[in-house]
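In: any chance you could fold what I've pasted below:
(one chain, ligands or ions: 1)
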Amino acid sequence: MKNAKPVSGPKFLEPLSFERSRAGRCGASVPPPIPQAPTTTQDLPAALLRQTPAGLPEMSEPEVVRHYVRLSQHNFAVDLGMYPLGSCTMKYNPKINEVTAGLPGFANLHPHYPWAWTQGALELMYNLEHMLAAISGMDAVTLQPAAGAHGEYTGLRVIRQAIQKRGENRQTVLIPDSAHGTNPATVTLNGWKVKPLESGPNGYIQASAVEKLMDEGVAALMMTNPNTLGLFEPECDEIARIVHAKGGFMYCDGANLNSLMGRAQPGKIGFDVMHINLHKTFSTPHGGGGPGAGPVGVVQALEPFLPIPRVVKTGDRFAMEFNRADSIGRVRAFFGNFGILVRAYTYICEMGGEGLSEATTKAVLNANYLLARLRDTWHVPFPKACMHECVLSDKDLLPAGIHNVDVAKALIDRGFHPPTVSFPIHVHGSLMIEPTETETKETLDTFVEALEEIRKLAQENPQALHDSPLSTPLSRLDETQAARHPILNVDDK
Ligand SMILES: *Cc1c(COP(=O)(O)O)cnc(C)c1O
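Out: I've put the predicted structure just below:
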């Protein structure tokens with residue numbers, strides 16, 4: 001870890017709340033206990049009682065407020081500036097979403113309430129399932145999975161169940177080299193093996209390559225469409241025909257639905273299963289972990305295998321159905337991240353069908369505008385046209401010793417969140433830019449100017465780029481240390 005400048009002062013030094021703690025300092029006024037009241041000390045077995053008080057930080061209220069406000073300012077947010085993190089669709093989250101998700105009738109629901117008390121929530125889930133089915137062209141949808149990766153797991157479990165039911169033994173899944181890392185991970189978690197599939201010279205998967213690898217041992221092909229280069233897979237129909245002819249299933253990684261919704265339906269171009277990242281396509285973008293939601297849509301033949309419970313409607317009443325013999329079972333406690341479902345439902349209702357198509361059009365237009373402005377000065381592996389994101393590489397900067405990370409860090413100093421770097425992995429030194437529909441032309445122009453300035457600096461003063469970012473409390477962090485050697489206890493520091 002390298003600090004770009006001497007650090008002092010509260011903007012730069014933010015100790016842990018535990019380090020700030022001073023015995024006896026307090027941020028709350030609690031009434032004295034009622035003398036006659038039974039205490040938990042009397043009710044609990046002695047073995048369960050603490051011998052020493054819990055080591056909680058003791059701080060005043062203003063200290064707590066400042067601590068968290070400062071931490072929030074150390075972070076970048078979609079409400080602060082452009083967040084062109086490719087593949088992640090960090091679009092603006094309309095504030096009305098927060099209002100609806102916070103309505104007491106939704107926010108205070110207990111999952112064990114009887115159906116009679118939760119009709120509104122069940123109706124919302126039922127309607128959202130049907131909206132997502134209409135958008136994706138699938139026949140049935142479950143809202144249960146908690147994220148895209150979890151949706152992938154659920155979708156492949158459904159396929160595995162269908163294959164078992166047929167009495168077949170298939171062991172592999174075809175995964176393109178452009179796939180997100182969660183795809184092979186999902187295959188492994190489901191007990192299958194990855195069969196790698198190379199993209200063709202134009203950046204998309206060729207039907208002829210699938211033809212060579214497809215056999216009766218292949219359970220499915222997982223395809224991201226448009227793929228992670230931001231290119232629509234033009235041979236998708238033909239590939240689906242080849243996979244289906246050998247009894248395999250077509251899985252669509254729907255993370256890029258932001259460039260299809262209202263325009264094309266994966267369920268109508270040969271896919272049998274797809275997941276949808278509500279926290280990408282339908283607002284509520286998140287960084288650092290969640291919560292999200294990864295609903296899964298399937299064709300009719302796979303509907304019996306979806307997780308239980310299913311939301312059902314009889315007359316005008318809603319309920320949950322548990323008794324389904326072929327279901328893969330539950331994939332999550334209760335019914336998923338309900339607050340995220342409310343936000344996605346709000347977003348879809350607010351936009352309407354036409355609004356969603358328009359969002360798609362503008363997302364694709366914005367990405368192509370960036371591509372058009374950048375392709376003459378930057379190395380762009382596939383410069384013709386893109387869908388909702390475009391991929392540059394650092395190839396032309398390498399002679400000056402500048403890599404994609406240097407560009408990413410320099411963008412932080414110019415007020416932008418960096419694009420995705422080094423993914424997709426089959427493009428060396430990639431910078432993957434997804435502006436989303438929510439950015440204005442002025443913002444896109446400022447972003448292009450920042451990239452131009454960085455490109456010129458690479459020629460004239462590359463050292464300045466190696467030192468960036470200079471505007472943050474810490475400069476270059478060791479990006480793997482925290483994952484490899486986590487410090488989970490303050491005493492271990
Ligand atoms: C984001 C993403 C995923 C995984 O989704 P999560 O919701 O982050 O689990 C899978 N594939 C692609 C192409 C993605 O962009």
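In: next, give phi and psi for the closest residue to P309 other than its chain neighbours.
Out: Computed as C-beta to C-beta, 6 or more residues apart in numbering, the closest residue to P309 that is not its neighbour in sequence is M320, at 3.8 Å. From N, CA and C alone the C-beta is placed, and that goes for glycine too. With angles defined as degrees, to the nearest 10, M320 sits at phi -110, psi 130.
In: what packs against the helix or strand that contains I163?
Out: Using DSSP states H and E, I163 falls within helix 148-165. Of the remaining helices and strands, those touching helix 148-165 by 3 or more C-beta pairs under 8 Å, 6 or more residues apart in numbering; DSSP states H and E are helix 182-189, strand 218-224, strand 249-253, strand 273-275, strand 296-298.
In: may I see those organised as a markdown table, with distance to the ligand added?
Out: Listed next are the helices and strands packed on helix 148-165 as a markdown table, based on distance: least, C-beta to the nearest ligand atom, whole Å:
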| stretch | distance to the ligand |
| --- | --- |
| helix 182-189 | 5 |
| strand 218-224 | 5 |
| strand 249-253 | 5 |
| strand 273-275 | 8 |
| strand 296-298 | 12 |
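In: quick check: which of these is nearest to G355?
Out: The closest of the helices and strands packed on helix 148-165 to G355 is strand 296-298. By C-beta to C-beta, the value is 20.7 Å.
In: give me the mean pLDDT for the helix or strand following that closest one.
Out: Next along the chain after strand 296-298, taking DSSP H and E as the criterion, comes strand 310-314. For strand 310-314, the mean per-residue pLDDT is 97.
In: so what touches strand 310-314?
Out: Residues outside strand 310-314 that contact it (C-beta atoms under 8 Å, 6 or more residues apart in numbering): 122, 125-126, 129, 142-143, 318-321, 324.
In: same deal with stretch 446-462?
Out: Contacts for stretch 446-462 (C-beta under 8 Å, 6+ apart): 82, 84, 370, 373-374, 377-378, 397, 400-402, 406-407, 410-411, 414-416, 435, 439, 464-465.
In: now with 7 Å?
Out: Identification of contacts with stretch 446-462 by C-beta atoms under 7 Å, 6 or more residues apart in numbering yields 82, 370, 373-374, 377-378, 397, 400-402, 407, 410-411, 414, 416, 464-465.
In: re the thing from before, the helix or strand just after the helix holding I163 vs helix 182-189, what angle?
Out: Later in the chain than helix 148-165, the nearest helix or strand by DSSP H and E is strand 172-176. Relative orientation of strand 172-176 and helix 182-189, computed by axes from the mean of the first three to the mean of the last three C-alpha atoms, to 10 degrees: 170 degrees.
In: touching the ligand at all, strand 172-176?
Out: No: under the criterion of C-beta under 6 Å from any ligand atom, the ligand is not reached by strand 172-176; the shortest gap measures 10.8 Å.
In: can I get the CA coordinates of the helix or strand hosting L392 in CSV?
Out: In the assignment (DSSP H and E), L392 maps to strand 390-393. Presented in CSV, the C-alpha positions along strand 390-393 are these (Å, rounded to 0.1, in the frame of the first residue of the first chain):
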residue,chain,number,x,y,z
CYS,A,390,-17.9,-1.3,-25.3
VAL,A,391,-14.5,-2.8,-24.6
LEU,A,392,-11.1,-0.9,-25.0
SER,A,393,-7.7,-2.2,-24.3
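In: need the contact partners of it.
Out: With C-beta under 7 Å, 6+ apart, strand 390-393 has contacts from 229-230, 367, 370-371, 374, 378-381, 424, 427-433.
In: in helices only, show me those residues.
Out: Cross-referencing the contacts of strand 390-393 against helices under DSSP state H gives 367, 370-371, 374.
In: picking that back up, is the residue nearest to P309 in contact with R330, as I believe?
Out: No: between M320 and R330 there is no contact under C-beta atoms under 7 Å: 11.4 Å.
In: now do the same contact list for S327.
Out: Per C-beta under 7 Å, 6+ apart, neighbours of S327: 305-308.
In: ChimeraX command for the buried members of these?
Out: Of the contacts of S327, the buried ones go into a single ChimeraX selection, burial set by 16 or more other C-beta atoms under 10 Å:
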select :305,306,307,308
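In: buried stuff in stretch 446-460?
Out: Buried, per 16+ other C-beta under 10 Å, within stretch 446-460: 446-448, 450-451, 454-455, 457-458.
In: likewise for stretch 88-106?
Out: Buried residues in stretch 88-106, counted by 16+ other C-beta under 10 Å: 88-91, 93-94, 97, 100-101, 106.
In: what's around T154, how many residues?
Out: T154: 27 surrounding residues under other C-beta atoms under 10 Å.
In: tell me the pLDDT of it.
Out: In this model, T154 is scored at 98, pLDDT.
In: do D43 as well
Out: Looking at D43, its pLDDT stands at 74.
In: near the ligand, which residues of the stretch 1-150 of the chain?
Out: Within the stretch 1-150 of the chain, the positions lying close to the ligand (C-beta under 6 Å from any ligand atom) are 87-88, 147-149.
In: top of these by number of neighbours, please.
Out: Within these, G148 tops the neighbour count with 25 neighbours, counted by other C-beta under 10 Å.
In: surely that one and G294 touch.
Out: Yes: with contact defined as C-beta under 7 Å, G148 counts as touching G294 (4.6 Å).
In: quick one: residues contacting A464.
Out: By C-beta under 7 Å, 6+ apart, A464 lies in contact with L457.
In: and it, helix, strand or coil?
Out: At A464 the chain is in helix, as set by DSSP: H, G, I helix; E, B strand; the rest coil.
In: give me the pLDDT value at it.
Out: For A464, the model assigns a pLDDT of 92.
In: can you lay out the contacts of S327 as TSV showing distance to the ligand?
Out: Listed next are the contacts of S327 as TSV, based on distance: C-beta to the nearest ligand atom, whole Å:
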residue	distance to the ligand
F305	21
L306	19
P307	17
I308	22
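In: and which of the contacts of S327 is nearest V64?
Out: P307 (40.4 Å).
In: right, and that closest one touches A146 too?
Out: No: here P307 does not reach A146: they are 11.7 Å apart, not a contact under C-beta under 7 Å.
In: counting neighbours, what do you get for the closest residue to the ligand within the stretch 201-350 of the chain?
Out: Taking C-beta to the nearest ligand atom, the ligand has its nearest neighbour within the stretch 201-350 of the chain at A255, 3.2 Å off. Using other C-beta under 10 Å, A255 has 25 other residues around it.
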